[in-house]
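Enquirer: 3D model of this:
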Amino acid sequence: MRRLCLIVFLSLSVFVAKAQEDLFDLLDEGPEPTQITYATFKGTKLLNAQTNETPGKGVLQYIISHRFGSFTDEYLYNFFGLDIAQIRMQLDYGISDRLNVGIGRSSVLKTSDAFVKYRALRQKTGGNAFPISLTLYSSMNYRGARFNDGLDHYISDRLSYHHQAIFSRKMNENLSLIVAPSVVHWNLVPSPGDPNDTYHLLLGGRHKVTKRIALTGEYAFSSNRRYGSGATEERFHNPLSVGVDIETGGHVFQFHLSNTRAMSDPLWMAQNPYSAANGSLFLGFNISRVFTVRQ
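Expert: Numbers count the residues shown, from 1 in each chain. Coordinates of the predicted model:
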C-alpha cells in the first residue's frame, strides 16, 4: 500500500509540475500583439484619386500636379503638350495621425477646393486583426471661371461637392488595392432633366517593383455619362490612369498617362470629356514634399 501511495504521489507531483510549466509558458507568451498596417500606399494620392493615407500628425504636405496637352492637340507644335499644360497646387496638414485637412487650386476652370480626410478604420494584424482600412474623404469645390451663358449666377451655382469612402487593403508587401464608392453633387446642372448627383465606383491598385519604384493604376465607373440634349449635349467618359511612383527621401514622384485633364475631384471623376479610344491621352505628374512642423 505504501508503495502504491508513493507511486500515486510521485505521479501527481510530475503532473502538477508539468501543468505549472505549461501555465507559466502561456503567461510568458501572453496575447498576440496587435500591429497596425502601415504604408499601404506611398502617397496620399494614387494618380488622380485619393488613397487611404494621410501625412501624419504635425506634417505639412505640398503637392504640385501637371497635365500636359493631349496627344491629339498638335502635340509637337505645342512642345509635347507643355505649352498648354494645366496645373494644380495643394497644401494640406495632418491635425492628427487620422485627420487631414487641405486646400487646392487648379487652373482648369480656375477651380479652388477645400477638403477633409479621416482615417476611420485601419488594417491590423495580430490579436485584434482587421482586414481593411476605411478612410472618409470630402471636398468642396468652387468654380472661379466665368460662365459663358450670359446669365447672372449666384455663388452657390459655382459650388460642387465630392464625398468618398475609400476601402483599401495591403494584400502583401508588394500589392495594395482600393475600392472607393463616391458621390458627386453639382448645385447647377445644364437642364432640369440632368441629375445633380452622380455616383461612381473607383478601382485602383499599386504593385511594388523595387523598394522605391511601384506601378499604379485606377479606373472609375460613372452612373451618368451625358448632360443636356440635342445641340447642347455633352458626353463624358470614365477616367483611366496608369503610372509609376518613384520615392526619393521626402519626395514622391508620380508619373502617369491618363485620359483626364482636370484635377479637381468632381471634374476628373464626373465630367471627363476625353476618351482614350480616340487618342485623348495626357502625360502628367504629381510631386509631393512633406515638412514636419510639429512633433
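
Enquirer: immediately after the helix or strand bottoming out on mean pLDDT in the chain, which helix or strand?
Expert: For the chain, using mean pLDDT, DSSP states H and E, the weakest element among its helices and strands is helix 2-29, scoring a mean of 43. Toward the C-terminus, helix 2-29 is succeeded by strand 35-36 as the next helix or strand (DSSP states H and E).

Enquirer: Spell out which strands sit alongside that following strand in the sheet and which way each one runs.
Expert: Partner strands for strand 35-36, per DSSP bridges, with pairing direction: strand 124-125 (antiparallel).

Enquirer: OK, contacts around residue 295?
Expert: Residue 295 is in contact with residue 58, counting by Cβ atoms under 8 Å, 6 or more residues apart in numbering. Quick note: C-beta positions are derived from backbone N, CA and C, even for glycine.

Enquirer: if we go to 10 Å?
Expert: Applying Cβ atoms under 10 Å, 6 or more residues apart in numbering to residue 295 gives the contacts 57, 58.

Enquirer: what do you get for residue 115?
Expert: 50, 90, 92, 100-104, 137-141, 162, 265.

Enquirer: What subset of these is buried?
Expert: Applying 16 or more other Cβ atoms under 10 Å to the contacts of residue 115, the neighbour count classes 50, 90, 92, 100, 102, 104, 137, 139, 140, 141, 162, 265 as buried.

Enquirer: Doesn't the fifth one lie inside a strand?
Expert: Going back to what we said before, that points to residue 102. Yes. Assessed with DSSP: H, G, I helix; E, B strand; the rest coil, residue 102 lies in a strand.

Enquirer: quick one: which of the contacts of residue 115 is nearest to residue 171?
Expert: Nearest to residue 171 among these: residue 50, at 19.1 Å, using Cβ to Cβ.

Enquirer: Quick check: closest non-adjacent residue to the closest one.
Expert: Leaving aside its sequence neighbours, residue 50 sits nearest to residue 137 (Cβ to Cβ, 6 or more residues apart in numbering; 5.2 Å).

Enquirer: need the contact list for that neighbour.
Expert: Counting by Cβ under 10 Å, 6+ apart, residue 137 touches 44, 49-52, 54, 100, 115-118, 162-166, 180, 182, 265.

Enquirer: Tell me how far it lies from residue 35.
Expert: In this view, residue 137 and residue 35 are 25 Å apart by Cβ to Cβ, to the nearest Å.

Enquirer: can you tell me which residues contact the nearest residue to residue 130 once chain neighbours are set aside?
Expert: The shortest distance from residue 130 to any non-neighbouring residue, by Cβ to Cβ, 6+ apart, is to residue 124 (4.5 Å). For residue 124, the contacting residues are 34, 35, 36, 37, 130, 131, 132, 133, by Cβ under 10 Å, 6+ apart.

Enquirer: Could you rerun that using 6 Å?
Expert: Contact partners of residue 124, counting by Cβ atoms under 6 Å, 6 or more residues apart in numbering, are 34, 36, 130.

Enquirer: cool, and residue 285?
Expert: Residues in contact with residue 285 (Cβ under 6 Å, 6+ apart) are 66, 255.

Enquirer: For it, list each beta-bridge partner.
Expert: Note on residue 285: beta-bridge partners by DSSP bridges are residue 66, residue 255.
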